[in-house]
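> Provided below are the primary sequence and the corresponding predicted coordinates.
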Amino acid sequence: MSIQDHIITLKQDEAALLGYSEDELISIIRDVGFSCDGCGRCCTASYNGHVFLLDSDLPYIRNNHPEALIPAPDFEYGDQHGILYVSGYALRVHEDGRCLFLDAGNRCEIYENRFSICRIYPYMLHREPDANGVVEWRQISGLGEHGEYHSEITEEEATTIANQVLSYELDFVRQQIGFWEAISLYFDEQNLRHVRKIYDQALRRFRKGEPVRVMVYAGGSFEEHIVGIGEYRGFSSP
Ligand code: SF4
């Protein structure tokens, strides 16, 4: 997919989010009645991939736990020199995939300061293809796989959750749009070009254990890192 196609698709996602009925989301949240039973599964990479951090999450973690930051695992783009590019940071995990902040009793050690995605989980608002390839909205992650259901959630509580979910999803998609727009500008300015073969080779070298340069788009600019596959132990990708 070209850079412009990424931007067009993301802008369609943004428009769809803006058009989504908040009342419908509130109704779904109340119908599902999710309540956490403290199983801790949602805080593991084996169950949920990585914890993606919005730009608004970065000041707390940079100031308090900078060692927990890692370039997000799915390197999205590359240039002709074999440098890889990704939008945003993720949280590191232990080798067994548990979040660095998940204690032995499955409690979050930084609960009061937990990150945006942790605050809305398991609620979400994504359009995804179902088993038959039909694109549909999903509002709850892991429905029926964890937690308890049919708890009483007041209209007021559900409204607060719905607002947080919509706000998160809009921030997320706008951060992705910002990434691809910045890539477009940066590649033009620096006379860079995407060569699929070189991108694939860089990923292969990385997976074999060779460190790679990764430019992370965060807070409106690119930050350079050298990363090795060892730092991603516990993740299912890259
Ligand atoms: S920061 Fe806390 S809530 Fe978020 S994934 Fe880690 S342990 Fe879970």
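That came through fine.

> only C-alpha atoms for contact and neighbour calcs from this point on.
Will do.

> The protein: strands as residue ranges?
Counting by DSSP state E, the chain has strands at residues 52-53, 69-71, 77-78, 84-87, 89-91, 123-129, 135-140, 212-218, 221-227.

> Deepest-packed of those, please.
Per residue and on average, the most neighbours among the strands of the chain fall to strand 84-87, with a mean of 24 (mean count of other Cα atoms under 10 Å).

> Let's see that one as CSV, backbone CA atoms only.
Presented in CSV, the C-alpha positions along strand 84-87 are these (Å, rounded to 0.1, in the frame of the first residue of the first chain):
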residue,chain,number,x,y,z
LEU,A,84,13.2,1.0,9.4
TYR,A,85,10.4,3.3,10.5
VAL,A,86,7.6,2.8,13.0
SER,A,87,4.9,4.8,14.6
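
> re the thing from before, so which of the strands of the chain gets nearest the ligand?
Closest approach to the ligand among those (Cα to the nearest ligand atom): strand 89-91, 7.7 Å.

> Quick one: residues in contact with that closest one.
50-54, 68-73, 99-100, 216, 218 (Cα atoms under 8 Å, 6 or more residues apart in numbering).

> Pass me the low-pLDDT residue ranges in the protein, would you?
Within the chain, the stretches with pLDDT under 70 are 237-238.

> Repeat the analysis, applying 90 as the threshold.
Counting by pLDDT under 90, the chain contains low-confidence residues at 1, 46-49, 127-135, 141-148, 234-238.

> between the strands of the chain, which one is nearest to E157?
Ranking the strands of the chain by proximity to E157 (Cα to Cα) places strand 123-129 first, at 13.0 Å.

> packing partners for the closest one?
Judged by 3 or more Cα pairs under 8 Å, 6 or more residues apart in numbering; DSSP states H and E, the packing partners of strand 123-129 are strand 135-140, helix 155-189.

> follow-up on the earlier one: dump the strands of the chain to a markdown table, plus distance to the ligand.
Shown next, in a markdown table, are those (distance: least, Cα to the nearest ligand atom, whole Å):
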| stretch | distance to the ligand |
| --- | --- |
| strand 52-53 | 10 |
| strand 69-71 | 12 |
| strand 77-78 | 26 |
| strand 84-87 | 19 |
| strand 89-91 | 8 |
| strand 123-129 | 13 |
| strand 135-140 | 16 |
| strand 212-218 | 19 |
| strand 221-227 | 22 |
